[in-house]
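Student: dropping a prediction and its sequence here:
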Amino acid sequence: MAEIIVALDVPSSQEALALVERLDDAVSFYKVGSPLFTRSGPSLVKSLRERGKRVFLDLKYHDIPSTVANAVASAAALDVELVTLHASGGEAMMRAAREAIGDDGPRLLGVTILTSFTAVDVEQVWAKEIRSVREEVARLTAIAVDAGLNGVVASPLEVESLKRRHGVDLLVVTPGIRAVGDSPGDQARTSTPGAAARAGADYLVVGRPVLEAADPGAPLVGARSRVKPLPESE
Ligand code: C5P
């Protein structure tokens, strides 16, 4: 069953911890991204761990191999469970990260094509024509898998083909989750929680739909009811 991760995209650790308290047992897994980590750093991660919460450190590393290897080793010391690095950083960079933490540390996820990107954005950045975003995601995923990463971040629209090609053991984390009628914000490749779960996503990252709700727990109830596996008889 797909698990929901709430993105702590709030401006301060006080607000982050207040949200964690408010959601209480409804959420056990939180994503800390670069804005909050830059502000509140390892002490916020420590506070989350002290509250028994699991942490996805989404800093999307992309640098020379030795720098990323050191960054990933520092992330492992924070006792986080998932860490991201850009697959476009290349095989040597991803392999260095893998070797830095061995197989027992956090699981490493390659960011493929950001869910805010369309085909036009990809073509502009890489100065080449592409057949589809899905093919670019598949190409980057293959490099990430060869480098020994545990999974990738991709849009809900690409999950099914990735699982088909690389098997169920490839972890797929999908942001860009929106209920019907939600604003996409800056996300270009979105899907509902039910569709992402049916496609085989392991983790659904939900940010603004929860953070902007008057009752932040309400969208989670709806999402969770849609990611449950179908009963045997159905
Ligand atoms: O608010 P929303 O639900 O769009 O939040 C999505 C979260 O997932 C944000 O924190 C964003 O940084 C993150 N993310 C993403 N696309 C990726 C990787 C992470 O949107 N490829």
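Tutor: Received, thanks. Residues are numbered from 1 along each chain as shown.
Student: near the ligand at all, stretch 160-178?
Tutor: Yes. With C-beta under 6 Å from any ligand atom as the criterion, the ligand is reached by stretch 160-178 at residue 175. Every residue, glycine included, has its C-beta placed from N, CA and C.
Student: just the buried residues of that stretch, please?
Tutor: Within stretch 160-178, the residues that count as buried by 16 or more other C-beta atoms under 10 Å are 160-163, 166, 170-178.
Student: before we move on, what about stretch 72-79?
Tutor: Going by neighbour count (16+ other C-beta under 10 Å), the buried part of stretch 72-79 is 72, 75-76, 78.
Student: swap in stretch 136-147?
Tutor: Using 16+ other C-beta under 10 Å as the test for burial, stretch 136-147 gives 136-138, 140-141, 143-145, 147.
Student: then that stretch to PDB, C-alphas only?
Tutor: Taking C-alpha atoms only, stretch 136-147 is exported to PDB below (Å, rounded to 0.1, in the frame of the first residue of the first chain):
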ATOM      1  CA  GLU A 136      13.600  11.100 -20.300                       C
ATOM      2  CA  VAL A 137      12.400   9.900 -16.900                       C
ATOM      3  CA  ALA A 138      13.000   6.300 -18.000                       C
ATOM      4  CA  ARG A 139      16.500   7.100 -19.200                       C
ATOM      5  CA  LEU A 140      17.500   8.800 -16.000                       C
ATOM      6  CA  THR A 141      16.000   6.100 -13.900                       C
ATOM      7  CA  ALA A 142      18.100   3.500 -15.700                       C
ATOM      8  CA  ILE A 143      21.300   5.400 -14.900                       C
ATOM      9  CA  ALA A 144      20.200   5.700 -11.200                       C
ATOM     10  CA  VAL A 145      19.500   2.000 -11.000                       C
ATOM     11  CA  ASP A 146      22.900   1.200 -12.600                       C
ATOM     12  CA  ALA A 147      24.500   3.400 -10.000                       C
END
